[in-house]
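Undergrad: Sequence and predicted structure, then a few things I'm wondering about:
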Amino acid sequence: MTGDHTAGRDLLAAVGEDTDLLPEEKETTLRFGKRDDVAHVYTAEAGLARRLLAHPHVDVRGLTVPDGDARRDVAPEQHTGEPIYGVRAHVPVGCLSVRSSPRSTTQHAKIVTDRVLKEVEA
């Protein structure tokens, strides 16, 4: 799912916090190799998950959803409305940068600009 704002709105509405995880267990990972043109991202942080889902260049590969007391990964097109506790996605390396000075906030969700959310809401 890349840039589909209708599906994105439905998924955005389903994102929530996994209350079974402690804050330190809600991780975000970002990895890519020298030859990769996309970064592999996983987040269990709701704010960052919403922004990834809304980003027009992010390719959402999987969603972590509840399955009884466990969790399972489903493809975005197989999501049936259950809460989304995590997002696995490919982000083009060209969308990433490391700034020369710190942001004014350490809020993790701000790693992805909030403009993506405004574009989906429009």
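TA: Good, I have the coordinates. Numbering: from 1, shown residues only.

Undergrad: Just want the phi and psi numbers for D37.
TA: phi -100, psi 0 (degrees, to the nearest 10).

Undergrad: which residues touch it?
TA: P92, V93, G94 (CB atoms under 8 Å, 6 or more residues apart in numbering). All C-beta atoms are positioned from the backbone trio N, CA, C, and that covers glycine.

Undergrad: And the helices in this structure, which stretches?
TA: 5-14, 46-54, 115-121 (DSSP state H).

Undergrad: quick one, which of the ones you listed is nearest to G68?
TA: In terms of CB to CB, the element of those nearest to G68 is helix 5-14, at 17.7 Å.

Undergrad: same question for the closest one, mean pLDDT?
TA: For helix 5-14, mean pLDDT rounds to 76.

Undergrad: that older thread, tabulate the helices of the chain in CSV, adding columns for distance to D67.
TA: Converted to CSV, those look like this (distance: least, CB to CB, whole Å):
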stretch, distance to D67
helix 5-14, 15
helix 46-54, 18
helix 115-121, 27
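
Undergrad: Please identify the most buried of those.
TA: Ranked by mean neighbour count, those are led by helix 46-54 with a mean of 24 (mean count of other CB atoms under 10 Å).
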